[in-house]
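[1] Predicted structure and sequence below. I'll ask about it afterward.
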Amino acid sequence: MTSGADARTSAYRDLVAGLLEVRRDTASERFDAEVAAAQHDGRLDERTAKLLRWWQRESVRAITEHACRVIPPTLLALGAAEDSAMEDTDVADSAWARAAGDSLRDQPVGVADTPAVQPAPVTSDADVEVPPPADLAERRGRRMLLAGLTRVTVDG
């Protein structure tokens, strides 16, 4: 990862952790009340109550840590996928324009400026030669979003 990606990952991690920290955990509150009631009624001894509370809290901490590790790199991957999709669309648009003989000067508003291509006139659809796709291995590598996520580690 680049240092920019590291900074964004760290910021996303802080955001996710903060959001999880400020939530009200009503299920844990209910759990504590039920354990306290069971202790009060003599259905649960103190040692078992402490053990149950410990593992309930560990469960919450584990899911919070999981979210903090998984969500930030996923958000970065989504951003990278969007950038890649935009690039792929530009490449496809240029390929179609070259193959169909269209002038790129008639692009819709918002499409990046690309030098106009002056292909030979096309007389029929049968004469349109569609160029082969770009290197498929390169494009496939950019699209394997999930493969890299399992190897990303976030120090915290």
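    Yes, it's here.

[2] May I see the buried residues of stretch 82-100?
    93-94, 97-99 (16 or more other C-beta atoms under 10 Å). To be clear about C-beta, it is placed using only N, CA and C from the backbone, and glycine gets the same treatment.

[3] repeat for stretch 13-26
    Of the residues in stretch 13-26, 13, 16-17, 20 count as buried by neighbour count, 16+ other C-beta under 10 Å.

[4] could you give the mean pLDDT of that stretch?
    Averaged over stretch 13-26, pLDDT sits at 94.

[5] Helices of this protein, residue ranges please.
    3-22, 26-40, 46-100, 136-143, 145-149 (DSSP state H).

[6] Check those for me: which has the lowest mean pLDDT.
    helix 145-149 (a mean of 45).

[7] circling back to that earlier point, distance to Gly42 added to the buried residues of stretch 82-100, as CSV?
    Formatted as CSV, those follow (distance: C-beta to C-beta, whole Å):
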residue, distance to Gly42
Asp93, 75
Ser94, 78
Ala97, 81
Arg98, 83
Ala99, 82
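
[8] That concludes my questions; thank you for your assistance.
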